[in-house]
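> Sequence first, predicted model second:
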Amino acid sequence: MELSEALHRGAGPEELEQAALPATYKAAHLRAEDVDMFRGVSDKDVRKSLVVGQVPMPEIAPDEVLVAVMASAVNYNSVWSAMFSPVPTFNFLKQFARQGGWAARHDLPHHVIGSDGSGVVVRVGSGVRRWKIGDEVVVHPSHVDDQEHGTHDDGMMGENQRAWGFETNFGSMAEYTVVRASQLIPKPTHLTWEEAASNTLCATTVYRMLVGKHGARLKQGDVVLIWGAAGGLGAYAVQMVKNGGGIPIGVVSSARKAEAVRELGCDHVIDRTEIGLDGDFDAEPDAVIRAGKRLGSKIRELVGRDPDIVFEHTGRATFGVSVFVARRGGVIITCGSSSGYQHTYDNRYLWMKLKTVIGSHGANLQEAVECTRLIAEGRVKPALSEVYGLDDAADACRRLQLNEHVGKIGILCMAPAPGLGVSDPALRERLGGNALTPVQHTAPISR
């Protein structure tokens, strides 16, 4: 019996173990032969580079598991991958492979992408102790080296820490994925496959940025300015600021996105187009200061003071304004640069106002477990807004590339339809039932 058939029938662990593993599987992937296809092209349309088709099934290392991916979700790192920008991710795979041993498997002429996932463990390596075939899991995307000293202080501090599905091969936008056992967390029982898959990268990243000891250390009453509040990161930031007793101020780019952010409970929402923050002001110093003054005035009008924390991930287009508007002694915390990674800002407003910039990347396993506990208890809700099938993964990535989305875009992989995977329907009903995805009805597109 084929493994996919056993999974769809809800077979138990013994039957899954005996089912035949396929030699190939369907995956959204990039081809090394295409890395120069966008050279000199202004619109690097990811629908042209992202291929959905069969790839060979890899072996698993002793510390790894093979997961049948029920659902995945789109992150901006998949867009970077599919644009081959700022560098082709095949460079990361070659670098990883130079470690030798099992790492050499990752250097292939194809790269299976995707860093969000939920599914069922179907094979375990000989060294795996805490997980077994049949376990329902979500996959935490931090791929760490447990033989490296920095990892034992903080998983994100190891020199060989990688983002699974971006800096490693065999990512989640596929029927199967290979992950280290140290990436697994039990799936929240009240969520569907696609709801559970939508949290694993963005929510944990936000938890580290705002709540964990390595981030901004949010306090009750803190005013937090959240750029891109309707996106995947922003939607979780709004919820965690509210949970922590802070005051979120969301910045969005349209009325539709403003509605979605209000559904998440955001106290104050600013449409950037209404105060002249939608132009290319980042390259001209005086324009940055003027934009910062307009935004600062609006924030003080809403809450009476400047932000204690600025939640940054958009990068070049906003960073200079972020440094300007943070309060004296405030914190700018950044985890990304979707609009460009070369930032400029007026350093006078950093050093003379005693502000702090903190770089944050991903989350360690402890932070990811703590974050998932909040989701499992219903304190943080999935930011899922729309769902595509695996065959349409390129279209899903294109929506994120064009910033047409709200929240997170889910992708069904092995799950045959949306709405499956809930193992505790009573808990789901108690926690809000179908209202668990508050932004979904503001962007009800489903593929």
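Nice, thanks for sending it over.
> Residue 346: neighbour count?
Burial measure for residue 346: 15 neighbouring residues, criterion other CB atoms under 10 Å. The C-beta positions use only the backbone N, C-alpha and C, and glycine is treated the same way.
> just residue 39 next, same as before
The criterion is other CB under 10 Å. On that basis, residue 39 has 8 neighbouring residues.
> Now do the SS call for it.
The three-state label for residue 39, taken from DSSP: H, G, I helix; E, B strand; the rest coil, comes out as coil.
> so who does the residue nearest to residue 171 when sequence neighbours are not counted touch?
Excluding its sequence neighbours, the residue lying closest to residue 171 (CB to CB, 6 or more residues apart in numbering) is residue 165, at 2.5 Å. The neighbours of residue 165, taking CB atoms under 8 Å, 6 or more residues apart in numbering as the test, are 77, 78, 112, 113, 114, 115, 141, 171, 172, 173, 177.
> Out of those residues, name the ones that lie in strands.
Secondary structure assignment (DSSP state E) places 112, 177 from the contacts of residue 165 within strands.
> Between all of the contacts of residue 165, which two are separated the most?
In the contacts of residue 165, the most distant members under the criterion CB to CB are 77 and 177, with 15.0 Å between them.
> More neighbours: which of those two?
For residue 77 against residue 177, the residue with the higher neighbour count under other CB under 10 Å is residue 177, and the figures read 29 against 23.
> which residues does that one bridge with?
Applying DSSP bridges to residue 177 gives these bridge partners: residue 67.
> was I right about it contacting residue 67?
Yes - under the criterion of CB atoms under 8 Å, residue 177 lies in contact with residue 67, with a separation of 5.2 Å.
> so residue 248, which of the three states?
When states are read from three-state DSSP, the local structure at residue 248 comes out as strand.
> Surely it touches residue 238?
Yes - in this structure, residue 248 is within contact of residue 238 by CB under 8 Å, at 4.8 Å.
> backbone phi and psi for residue 182, please?
Geometry field for residue 182 lists phi and psi as phi -70, psi 0, criterion degrees, to the nearest 10.
> what number of residues lie near it?
The number of residues packed near residue 182 is 18, by other CB under 10 Å.
> was I right about it contacting residue 141?
No - contact criterion CB under 8 Å: residue 182 and residue 141 do not qualify, at 11.6 Å.
> for the helix or strand containing residue 71, the distance to its chain's centre please.
When elements are assigned from DSSP states H and E, residue 71 belongs to strand 64-73. A distance of 15 Å separates the C-alpha centroid of strand 64-73 from that of its chain, computed with CA atoms, centre = their mean, to the nearest Å.
> average pLDDT for it?
Averaged across strand 64-73, the pLDDT comes to 98.
> on that earlier part again, let's see which of the contacts of residue 165 end up in helices.
77, 78 (DSSP state H).
> Turn the contacts of residue 165 into TSV, including distance to residue 372 and pLDDT.
Written out in TSV, the entries for these read as follows (distance: CB to CB, whole Å; pLDDT from 0 to 100):
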residue	distance to residue 372	pLDDT
77	20	95
78	21	97
112	24	98
113	23	98
114	18	98
115	15	98
141	13	97
171	20	98
172	16	98
173	21	98
177	18	98
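> are any of the contacts of residue 165 buried, and which?
Buried residues within these, defined by neighbour count using 16 or more other CB atoms under 10 Å: 77, 78, 112, 113, 114, 115, 141, 171, 172, 173, 177.
> what residues are shared contacts of residue 177 and residue 67?
Common contacts of residue 177 and residue 67 (CB under 8 Å, 6+ apart): 117, 119, 139.
> Now list the buried members of those residues.
Counted by 16+ other CB under 10 Å, the shared contacts of residue 177 and residue 67 give 117, 119, 139 as buried.
> re earlier: residue 248 and residue 238: which has the busier surroundings?
When residue 248 is set against residue 238 and neighbours are counted by other CB under 10 Å, the residue ahead is residue 238, at 30 against 27.
> angle of the host helix or strand of the more buried one against strand 64-73?
Of the helices and strands defined by DSSP H and E, residue 238 is found in helix 232-243. Calculated by axes from the mean of the first three to the mean of the last three CA atoms, to 10 degrees, helix 232-243 forms an angle of 90 degrees with strand 64-73.
> For helix 232-243, list every residue counted as buried.
For helix 232-243, a neighbour-count test (16+ other CB under 10 Å) marks 232, 233, 234, 235, 236, 237, 238, 239, 240, 241, 242 as buried.
> what's it packed up against?
helix 202-210, strand 223-226, strand 247-252, helix 255-263, strand 309-312 (3 or more CB pairs under 8 Å, 6 or more residues apart in numbering; DSSP states H and E).
> can the buried residues of helix 232-243 go into JSON lines with extra columns for distance to residue 71 and pLDDT?
Conversion of the buried residues of helix 232-243 to JSON lines gives the following (distance: CB to CB, whole Å; pLDDT from 0 to 100):
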{"residue": "232", "distance to residue 71": "15", "pLDDT": "93"}
{"residue": "233", "distance to residue 71": "19", "pLDDT": "96"}
{"residue": "234", "distance to residue 71": "21", "pLDDT": "95"}
{"residue": "235", "distance to residue 71": "18", "pLDDT": "95"}
{"residue": "236", "distance to residue 71": "18", "pLDDT": "97"}
{"residue": "237", "distance to residue 71": "23", "pLDDT": "97"}
{"residue": "238", "distance to residue 71": "23", "pLDDT": "97"}
{"residue": "239", "distance to residue 71": "21", "pLDDT": "97"}
{"residue": "240", "distance to residue 71": "23", "pLDDT": "97"}
{"residue": "241", "distance to residue 71": "27", "pLDDT": "98"}
{"residue": "242", "distance to residue 71": "26", "pLDDT": "96"}
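> quick one: low-confidence parts of the chain?
1, 278-283, 441-447 (pLDDT under 70).
> Recalculate using a threshold of 80.
Within the chain, the segments meeting pLDDT under 80 span 1, 276-285, 440-447.
> on contacts alone, who are the packing partners of the longest helix belonging to it?
Across the chain, the helix with the greatest residue count (assigned by DSSP H) is helix 285-303. The criterion is 3+ CB pairs under 8 Å, 6+ apart, and the helices and strands that helix 285-303 contacts are strand 223-226, strand 247-252, strand 268-271, helix 319-325.
> Can I take it that residue 185 is in a strand?
Yes - assignment of residue 185 by three-state DSSP places it within a strand.
> I'd like the numbering to begin with 99 instead of 1 from here.
With the count now opening at 99, the last piece we talked about shows up as residue 283.
> What is the burial count for it?
22.
> circling back to that earlier point, separation between the residue nearest to residue 269 and residue 529?
Between residue 263 and residue 529 the distance is 29 Å, computed by CB to CB, to the nearest Å.
> what's the answer for residue 195, then?
When distances are taken as CB to CB, residue 195 and residue 529 turn out to be 44 Å apart.
> How about residue 302?
20 Å.
> can you check residue 429 too?
Using CB to CB, which is the criterion applied here, residue 429 is 32 Å from residue 529.
> So which of the two has more stuff around it?
When neighbours are counted by other CB under 10 Å, residue 429 comes out ahead of the other of residue 429 and residue 529, with 22 against 18.
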